[in-house]
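Peer 1: sequence unknown, structure follows:
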């Protein structure tokens, strides 16, 4: 595909690789601005890039395969010694709105030796603090929240300007970006200047010790990142697996009908907090891996029967793109409302000529979401605010409906 979907949840939490190989370019938000995810591997002291284009002087482990599926992107790497599969799982299961609305993507690394020997292996991952700001000159605050069972990092704008901006070419600058790893994996974690963290890992397979810096700090004063590193020990043909979560808690998602009515994301409708989100997602990791695989297999089989392999691949990409262009929230009664955003158009929200082409997708996969995306338009048309004889075209400019 022209861009590979990696994290595809809503118009703000949407990260892609616009390159043929994950190591050819930095990952970006759909607007093209850097939302960097990086991963590195060390094998017997020799380092390789898996994700992202930094550090530029570190060679890439050859990418030998790519699959884009409805809920997963699977990338395969290999050389003469080792093979690695990196899977991004966004559990976008349309029949389960609780799971569908969770802004959590799992990254899973499966490492195995293929030359008959054993090798000492270390693994690295980081997510850039750009995820939590509109522009990198904005400040961030960072911390390590204590969440049972997880080793967790988060970054966010210290002033939290919740729902203060509307428009098209914008990134979110409220809420918090998270990286969380199961505590039983015993990861090493750190938040700091991304280049320093990566260079430290390349030097000895460990994260460097970073003194607590003055905060808040602008992101671009070192391009801060949340990093995790694992020492996998001696790896053989049996292989080793590690996984992590990248999440975004926006706290409030949509301004609806009145400046006083801020709608929560659907997963928060019962009062859930970020810790609840991450613990539930971690607890569900194994069963969601099975459910996503079964869903992808079934849908791809149907699509292949309908139009062939190329049609199925196109539809898998459209699946990710469609859901990444919508935000699922709860109304005042806890019922689902779905708001699409025009991307690189006018930034409109709830546009009828966007609802129309995506309607077959939701009619097939989740009729509940057809209702959820029509109700706001019908509410607007029947309200005193709409005084025209013709139907509304849209509800305003995202995220102000």
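Peer 2: Perfect, thanks for sending it. Remember, predicted model here, so these are calculated numbers, not experimental data.
Peer 1: so where's the longest strand in this structure?
Peer 2: In terms of residue count, the longest strand belonging to the chain (DSSP state E) is strand 224-235.
Peer 1: Who are the packing partners of it?
Peer 2: The elements that strand 224-235 packs onto, with contact taken as 3 or more CB pairs under 8 Å, 6 or more residues apart in numbering; DSSP states H and E, are strand 104-113, strand 119-128, strand 139-143, strand 150-156, strand 176-182, strand 188-193, helix 194-204, strand 240-249. Every C-beta, even on glycine, is put in place using the N, C-alpha and C of the backbone.
Peer 1: Now those in CSV, please, with extra columns for mean neighbour count, mean pLDDT and distance to residue 377.
Peer 2: Below are the helices and strands packed on strand 224-235 laid out as CSV (neighbours: other CB atoms under 10 Å; pLDDT from 0 to 100; distance: least, CB to CB, whole Å):
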stretch, mean neighbour count, mean pLDDT, distance to residue 377
strand 104-113, 21, 98, 29
strand 119-128, 24, 98, 36
strand 139-143, 19, 97, 36
strand 150-156, 23, 98, 32
strand 176-182, 25, 98, 31
strand 188-193, 20, 96, 42
helix 194-204, 19, 97, 43
strand 240-249, 21, 98, 27
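Peer 1: Which among the ones you listed is found nearest to residue 369?
Peer 2: Among the helices and strands packed on strand 224-235, strand 104-113 comes nearest to residue 369, with 19.1 Å by CB to CB.
Peer 1: Flag the shaky bits of the stretch 1-150 of the chain, pLDDT-wise.
Peer 2: Filtered on pLDDT under 70, the stretch 1-150 of the chain yields no residues whatsoever.
Peer 1: Just list whatever residues bridge to the closest residue in space to residue 163 that isn't next to it in sequence.
Peer 2: For residue 163, ignoring the flanking residues on the chain, the nearest one in space by CB to CB, 6 or more residues apart in numbering is residue 255 at 4.9 Å. Assessed by DSSP bridges, residue 255 has beta-bridge partners residue 262, residue 400.
Peer 1: buried sites along stretch 226-243?
Peer 2: 226, 227, 228, 229, 230, 232, 235, 239, 240, 242, 243 (16 or more other CB atoms under 10 Å).
Peer 1: Quick check, pLDDT for the residue lying closest to residue 265 once chain neighbours are set aside.
Peer 2: The spatially closest residue to residue 265, leaving aside those adjacent along the chain, is residue 253, at 5.0 Å (CB to CB, 6+ apart). If you check residue 253, the pLDDT there is 98.
Peer 1: neighbours around residue 253, how many?
Peer 2: 28 (other CB atoms under 10 Å).
Peer 1: OK, contacts around it?
Peer 2: Residues near residue 253 by CB atoms under 8 Å, 6 or more residues apart in numbering: 10, 262, 263, 264, 265, 327, 329, 399.
Peer 1: so how far is residue 133 from the third one?
Peer 2: Look at residue 263 and residue 133: by CB to CB, to the nearest Å, they are 22 Å apart.
Peer 1: tell me the contacts of the residue nearest to residue 163?
Peer 2: Residues in contact with residue 255 (CB under 8 Å, 6+ apart) are 163, 261, 262, 263, 399, 400, 401.
Peer 1: Residue 129 too?
Peer 2: 140, 142, 155, 177, 219, 223, 224, 225, 226.
Peer 1: hmm, 7 Å instead?
Peer 2: The contact partners of residue 129, by CB atoms under 7 Å, 6 or more residues apart in numbering, come to 140, 155, 219, 224, 225.
Peer 1: all strands of the stretch 1-150 of the chain, in order?
Peer 2: With DSSP state E, counting those that start in this stretch, the ranges of strands along the stretch 1-150 of the chain come out as 4-8, 14-17, 28-29, 37-43, 46-51, 63-68, 72-78, 82-89, 104-113, 119-128, 139-143, 146-147, 150-156.
Peer 1: Now do the phi/psi pair for residue 306.
Peer 2: For residue 306, the backbone dihedrals (degrees, to the nearest 10) come out as phi -70, psi -40.
Peer 1: That's all I had, so thanks and see you.
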